[in-house]
Structure formats: C-alpha cells, structure tokens
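# What would the 3D arrangement of this be:
(one chain, ligands or ions: 1)
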Amino acid sequence: MNKDIATPIRTRAILEKYGFSFKKSLGQNFLIDTNILHRIVDFAELGDHSGTIEIGPGIGALTEQLARRSKKVVAFEIDQRLLPILADTLSPYENVKVIHKDILEADVQEVIEKEFTNTEDLMVVANLPYYVTTPIIMKLLEEQIPIRGIVCMLQKEVADRISAKPGTKEYGSLSIAVQYYTKAETVMIVPKTVFVPQPNVDSAVIRLTKREEPAVIVKDETFFFQVTRASFAQRRKTLLNNLTSQLPDGKQKKEEIISALNAAGIEPTRRGETLSVQEFGRLSDELLHYFQ
Ligand code: SAM
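Numbering: from 1, shown residues only. Purely as a prediction, here's the structure:
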C-alpha cells in the first residue's frame, strides 16, 4: 500500500516541496492523523460499489482514504494552487477525479449524472472549510441530490446546533432545517492537535442520514422554514411575540395568529425552542390559512 499522506512528516514534506502557504480565508486546516481519517470513513459505511463526493480535498489526506474504500471519488477544490499537488499525491489512485470549482457554484446534480454511472450508493464525506459549513450543508440538502447521507467535520458549535433536540439552548432554525431532511448525529469530537495549522475552535464529526420522507409533511415548505426562522428571531420572546413581529403584517394579524396557535394545540406563551419539528409543521399549516 502507498504511504499515507496524512502523517505529520509526509504532510510537511509535501507542503515544503510545493512551497505551499495556508490560506486562512479558505478554511485550510489539513488533517494529519490517519486514525481520525479511518474513523471518519468508517462512519460513512462505504462499500465496494459506493461513490463518494468530497468537498475540499486539500493535499488529499481524506481523498486517499476514500479512494481506498470506495469505487469512485469526485472531489471539489476551490484553490487552484492545490491542483498540481493533488495530481502528484493522488497519482496512485485511478478512481479519483478532482474538479476545480467552488462547491457553492457547482452543478452537483450534473456532476453526479456524469461521473457516477457505475456506483450503487452515494455519500458526501468531507473535512469542511469552516467559513462556509452551513451554506454547503444546506445546498446539498435543499438541492435534493441523490445521496444516502453526509459525514463531515465541522466546528463543534455548529455540530451541536445541527443535532440539537427541542428544549436545549442549541436548538434553533438550523437544527430544524437539517433535521427536516435528515437524521442528524454528532458521532465524534475531534481535538485541535490533529490539524495543521490548528483551528481556533473545537471540531466534531456529524453524520446526516437522508430521510426517505421529510420529518414532517407540510403544505408549503418555504412558508414552514419562514415560520421556523421567525419563531427563533429573538430567543427570549414568546412564539406569539416573534410571529407577530416577524411575519408579514403580523401585528395586524395577531388574532389570526392566536387562532392558528390554538388550532395547532400550541400555547401562544411557549418559546420556539420548545417546539418539535412536527409541532412547527402543524403550526405552519394552520398559519398558512392567513398568510397565503
Ligand atoms: N480534506 C483536507 C483535509 O482534511 O486535510 C482539507 C480540508 S480543509 C478544512 C478545507 C478545504 O476546502 C481546503 O482545501 C480549501 O481550499 C477547500 N475549500 C474552501 N472553500 C471551498 C469551496 N467553496 N469549494 C470547494 N473547496 C473549498
């Protein structure tokens, strides 16, 4: 087997060979611990017929482990300077394709149709650039691309918000947005020492498993998300106060909002953080009568 990329010595040698300097603005914190990488890949439960999409391969530390454990890997990298490095470090792996593109600009569906014709299952696995974790995750979920799930490293604070349960201080519109599409779990807390350079924040790995159906079936998805965001606008305010101040013409429609809350069986004095995804679903369907 080829020598692992993700050891401190090999990583340093690669960086020196190419005179590479890290760009903080691109969230470049590379993994230098193969044990952590093996565990990340284990959480993805890949098989011989799996395809994987990676976001931000860096110098290929995770890409290499994915290449060994899946049929094909497609990795999106924004930093042009990394392309010759990746061509070198990943040269032993014929099943890897690197695409030079900002993932937020990429037509992922088109890439999947073109590149994954021979695979039976598709996972996204990544050590995400921390400055854009939430937009990347939301893009992958909202575009409804045909993946089984996502296993990714991100800031522990964001991981806590994504996998939070109702009634906790971390629970908010991000928890609901992600849990609407997936079952979300924080599966590993990761020390700063396994990165070079070390990030300023703590890290964690989350596993998001796509649901066959959304967690709740609602009449109008866009309005459902509008209601959840409105409900958390000011965390210390009651639901009624947040909804009247945030929904369009909410102040004039206070009586209607109270009727909708009653019809959904939800006390107007409750706070958004106490409502389950299902309760938000019922509430948004009732509110929709007055806000169509
Ligand atoms: N996978 C490597 C590892 O684990 O060592 C590098 C991970 S590093 C945290 C994030 C990587 O994402 C960097 O290589 C960075 O250049 C890349 N990146 C940053 N923003 C990106 C974007 N919008 N689209 C694609 N790649 C991006």
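
# can you confirm Leu174 is in a helix?
Yes - under DSSP: H, G, I helix; E, B strand; the rest coil, Leu174 falls within a helix.

# which element is Tyr139 on?
Small correction: residue 139 is Lys, not Tyr. Secondary structure assignment for Lys139, by DSSP states H and E: helix 133-142.

# Now do that helix: which elements does it pack against?
strand 149-155, helix 156-162, helix 173-181 (3 or more Cβ pairs under 8 Å, 6 or more residues apart in numbering; DSSP states H and E). Glycine gets a C-beta too; all of them are placed from N, C-alpha and C.

# now do 6 Å
Helix 133-142 sits against no helix or strand, with contacts defined as 3 or more Cβ pairs under 6 Å, 6 or more residues apart in numbering; DSSP states H and E.

# quick one: contacts of that helix?
103, 154, 158, 181 (Cβ atoms under 6 Å, 6 or more residues apart in numbering).

# So for that helix, mean pLDDT?
For helix 133-142, mean pLDDT is 97.

# Check which residues of that helix are buried.
Buried residues in helix 133-142, counted by 16 or more other Cβ atoms under 10 Å: 133-134, 136-137, 139-141.

# isn't Ala263 right up against Glu286?
Yes - using Cβ atoms under 6 Å, Ala263 makes contact with Glu286 at a distance of 4.6 Å.

# Residue of the protein closest to the ligand, please.
Nearest to the ligand, among the residues of the chain, is Gly56, at 2.0 Å (Cβ to the nearest ligand atom).

# what's around the closest residue to that residue other than its chain neighbours, how many residues?
The shortest distance from Gly56 to any non-neighbouring residue, by Cβ to Cβ, 6 or more residues apart in numbering, is to Pro129 (5.3 Å). Look at Pro129: counted by other Cβ atoms under 10 Å, it has 21 neighbours.

# Tell me the spacing between Pro129 and Phe195.
Counting by Cβ to Cβ, to the nearest Å, the gap from Pro129 to Phe195 is 12 Å.

# same deal with Thr182?
Relative to Phe195, Thr182 is positioned 26 Å away (Cβ to Cβ).

# Which of the two has more residues huddled nearby?
Neighbours were counted for Thr182 and for Phe195 using other Cβ under 10 Å; Thr182 has more, 24 against 19.

# Val132 is in contact with the residue of the chain closest to the ligand, correct?
No - using Cβ under 6 Å, Gly56 is not in contact with Val132; the gap is 9.5 Å.

# So for these two, which residue has more residues nearby?
Comparing Gly56 with Val132 by neighbour count (other Cβ under 10 Å), the higher total belongs to Gly56, at 24 against 18.

# okay, the angle between the helix holding Lys139 and strand 149-155?
170 degrees (axes from the mean of the first three to the mean of the last three Cα atoms, to 10 degrees).

# so does helix 133-142 get close to the ligand?
No - judged by Cβ under 6 Å from any ligand atom, helix 133-142 stays clear of the ligand, getting no closer than 7.1 Å.
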